[in-house]
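1. let's see this in three dimensions:
(chains A and B)
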Amino acid sequence: ETGVTQTPRHLVMGMTNKKSLKCEQHLGHNAMYWYKQSAKKPLELMFVYSLEERVENNSVPSRFSPECPNSSHLFLHLHTLQPEDSALYLCASSQDWLAGDNEQFFGPGTRLTVL
Amino acid sequence: AQTVTQSQPEMSVQEAETVTLSCTYDTSENNYYLFWYKQPPSRQMILVIRQEAYKQQNATENRFSVNFQKAAKSFSLKISDSQLGDTAMYFCALGNYGGSQGNLIFGKGTKLSVKP
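-> Residues are numbered from 1 along each chain as shown, chains lettered A, B, ... in the order given. The predicted model follows:
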């Protein structure tokens, strides 16, 4: 596979469930990102990892827990979510976090519905 | 704070015609990049075009070009000879470099519909 892949593509979960979103990049990049995309809102940056270290955490509720075991993989662990957490969750990667042009390559997203 | 504003939530254009999407931004940085990303329905977001702030010449990629007005902090996207495949959400984004963080700031997006 090439580019940035995300699994699952769709996820429906109850408020008491625990699930994980997975992202994998095949581009040799050093930075990876989690975004939340809701209708009629700008993309919300949730977490940034650079060289497997978390460098950004934008006041995200603790029910979202990221994990970056290596530079190619990024996870978002979910537990005790609320209905307002329903959204499209996008993963992205870039060559370096502080690089000049910092073009980000996006995955297809996971459409999450919390019942 | 840095902001990106896209004032047109939705736009439509006839196939083969030209359309311009607006974007304004605010930053106190001198070194930055501007981007337009395209997100087709149910498909991945991809980069359309980018502009380095230190370059006066407007970027062009085939049918896509920008009008970069640095003093006015304006960065519009022109799509010429619109095609049905151009139907998508378009996001304007601002990125800095040389500073302490490398995040992109996105606008809310403009939904473009190309009609046959």
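2. buried residues of the lowest-mean-pLDDT helix or strand in chain A, list them for me.
-> Lowest by mean pLDDT, DSSP states H and E among the helices and strands of chain A is strand A:53-57, with a mean of 81. Buried positions in strand A:53-57, judged by neighbour count with 16 or more other CB atoms under 10 Å in any protein chain shown: A:Val55, A:Glu56. All C-beta atoms are positioned from the backbone trio N, CA, C, and that covers glycine.
3. pLDDT-wise, which helix or strand of chain B ranks last?
-> Among the helices and strands of chain B (confidence taken as mean pLDDT, DSSP H and E), strand B:104-106 ranks last, showing a mean of 89.
4. partner strands of it, parallel or antiparallel?
-> Strand B:104-106 pairs in its sheet with strand B:88-96 (antiparallel), by DSSP bridges.
5. quick check, distance from the strand it pairs with to the centre of its chain.
-> Offset of strand B:88-96 from its chain centre (CA atoms, centre = their mean, to the nearest Å): 5 Å.
6. touching it from outside, list them.
-> A:43, A:101-102, B:2, B:4, B:6, B:21, B:23, B:25, B:27, B:29, B:31-41, B:43, B:45, B:48, B:75, B:77, B:102-107, B:109-112 (CB atoms under 8 Å, 6 or more residues apart in numbering or on different chains).
7. helix, strand, or coil at B:Leu77?
-> Here B:Leu77 is recorded as strand under DSSP: H, G, I helix; E, B strand; the rest coil.
8. now do the contacts for it.
-> B:Thr20, B:Leu21, B:Cys23, B:Trp36, B:Val48, B:Ile49, B:Phe64, B:Ser65, B:Val66, B:Tyr90, B:Cys92.
9. now swap in A:Leu21 and tell me
-> A:Gln6, A:Thr7, A:Pro8, A:Leu11, A:Phe75, A:Leu76, A:Leu78, A:Tyr89, A:Cys91, A:Thr110, A:Leu112.
10. now those in TSV, with pLDDT and secondary structure?
-> Conversion of the contacts of A:Leu21 to TSV gives the following (pLDDT from 0 to 100; DSSP: H, G, I helix; E, B strand; the rest coil):
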residue	pLDDT	secondary structure
A:Gln6	97	strand
A:Thr7	97	strand
A:Pro8	97	coil
A:Leu11	96	strand
A:Phe75	98	strand
A:Leu76	97	strand
A:Leu78	96	strand
A:Tyr89	97	strand
A:Cys91	97	strand
A:Thr110	97	strand
A:Leu112	96	strand
